[in-house]
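K.L.:
Can you look at this prediction? I've put the sequence above it.
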Amino acid sequence: NNVIEFKDVWKTYKMGDEGVNALAGLNLALRTGSFTAVMGPSGSGKSTFLHVAGILDTPTRGTFLINGKEPGKFSSKKQAQMRRNEIGFVFQRFNLMHQLTVLENVMLPMIKEDKSKAMELIDRMGLEGKHNKLPSQLSGGEQQRVAIARALINDPSIVFADEPTGELDSKNANAIMQIFQDLNRKDGVTVVIVTHNLESAEYSDEIIEMRDGKIRV
Ligand code: ADP
Ligand code: ADP
């Protein structure tokens, strides 16, 4: 069972008269419950891959499926709905709202309001007693835990993380990767991280390398 499938996917950006192929015939299938790290040099298409996989962008050509559905064929309203229901995002720079508390940040994308669920998730991330703090009162590692709790709040089947340990020292980085590993192994969440950090990538079950808009074989 594949949660994600790319079949000969191309993404071309127009640059004046020229086109840049950010994805150039990408083929990839990720099994439900897998934990994958995507590596590769700058410009190899990793961000574009994440944007298509996360339904923020649609391919120029080819087929992209998430849980067997083709988001490119849906209205933008339906796409937004799929994004909220099925996908969690974690970013390098945490992307928290600075004027909101930890609890408010975690509850922000919540489809069905449930404060005790949010509190449980905050505790599970090791942030007991910190739900009323502002992000600025937390360390980088703690802020990333808040971001992970926010990403999980609607029980997504898949979590994408873009350089989730890029701003963290190695102790905090490993603690964050441990959380992803736990989510994958205990809860069966499919996890995909893009990283330049081999130590972080090694928490995954499979490392794939992108080169020139496709998987390097
Ligand atoms: P990576 O994340 O691996 O650095 P990207 O997906 O950001 O790779 O970029 C792949 C290629 O596509 C690069 O050549 C980049 O310059 C180009 N590219 C990415 N986004 C755009 C865009 N919005 N407009 C034009 N070119 C883009
Ligand atoms: P940077 O690449 O500068 O470290 P981030 O890690 O914050 O920036 O964001 C990574 C990527 O995620 C960016 O390319 C951005 O377009 C995208 N992004 C930013 N905010 C959101 C969002 N709310 N939902 C989905 N994708 C986003």
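P.N.:
In hand now; what should we look at? Ligands and ions are numbered 1, 2, ... in the order given.
K.L.:
following the lengthiest helix in the chain, which helix or strand comes up?
P.N.:
Among the segments of the chain that qualify as a helix by DSSP state H, the longest is helix 170-187. Next helix or strand after helix 170-187 toward the C-terminus (DSSP states H and E): strand 190-194.
K.L.:
List the neighbouring strands of that following strand plus their orientation.
P.N.:
strand 35-39 (parallel), strand 158-162 (parallel) (DSSP bridges).
K.L.:
one step back: restricting to C-alpha, output the longest helix of the chain in CSV.
P.N.:
The C-alpha trace of helix 170-187 is given here as CSV (Å, rounded to 0.1, in the frame of the first residue of the first chain):
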residue,chain,number,x,y,z
SER,A,170,23.2,17.7,17.7
LYS,A,171,21.7,16.9,21.1
ASN,A,172,18.4,18.6,20.2
ALA,A,173,18.6,17.3,16.7
ASN,A,174,18.8,13.7,17.9
ALA,A,175,15.9,14.3,20.4
ILE,A,176,13.7,15.6,17.5
MET,A,177,14.6,12.6,15.3
GLN,A,178,13.8,10.3,18.2
ILE,A,179,10.3,11.8,18.2
PHE,A,180,9.9,11.2,14.5
GLN,A,181,11.1,7.6,14.9
ASP,A,182,8.7,7.0,17.7
LEU,A,183,5.8,8.4,15.7
ASN,A,184,6.7,6.2,12.9
ARG,A,185,7.2,3.0,14.8
LYS,A,186,4.5,3.3,17.5
ASP,A,187,1.8,5.2,15.7
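K.L.:
can you tell me the average pLDDT over stretch 183-191?
P.N.:
If you average the pLDDT over stretch 183-191, you get 96.
K.L.:
distance between that stretch and the chain's centre?
P.N.:
Distance of stretch 183-191 from the chain centroid (CA atoms, centre = their mean, to the nearest Å) equals 13 Å.
K.L.:
residues from the protein in reach of ligand 2?
P.N.:
For the chain, the residues in contact with ligand 2 (CB under 6 Å from any ligand atom) are 47, 54, 56, 89, 91-93, 95, 162. C-beta coordinates here come from the backbone N, C-alpha and C atoms, glycine included.
K.L.:
now those residues in JSON lines, with neighbour count and pLDDT?
P.N.:
Formatted as JSON lines, the residues of the chain next to ligand 2 follow (neighbours: other CB atoms under 10 Å; pLDDT from 0 to 100):
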{"residue": "S47", "neighbour count": "16", "pLDDT": "94"}
{"residue": "G54", "neighbour count": "20", "pLDDT": "94"}
{"residue": "L56", "neighbour count": "15", "pLDDT": "91"}
{"residue": "F89", "neighbour count": "19", "pLDDT": "95"}
{"residue": "F91", "neighbour count": "17", "pLDDT": "91"}
{"residue": "Q92", "neighbour count": "17", "pLDDT": "90"}
{"residue": "R93", "neighbour count": "13", "pLDDT": "89"}
{"residue": "N95", "neighbour count": "13", "pLDDT": "93"}
{"residue": "D162", "neighbour count": "21", "pLDDT": "95"}
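K.L.:
Having no further points to raise, I will conclude here.
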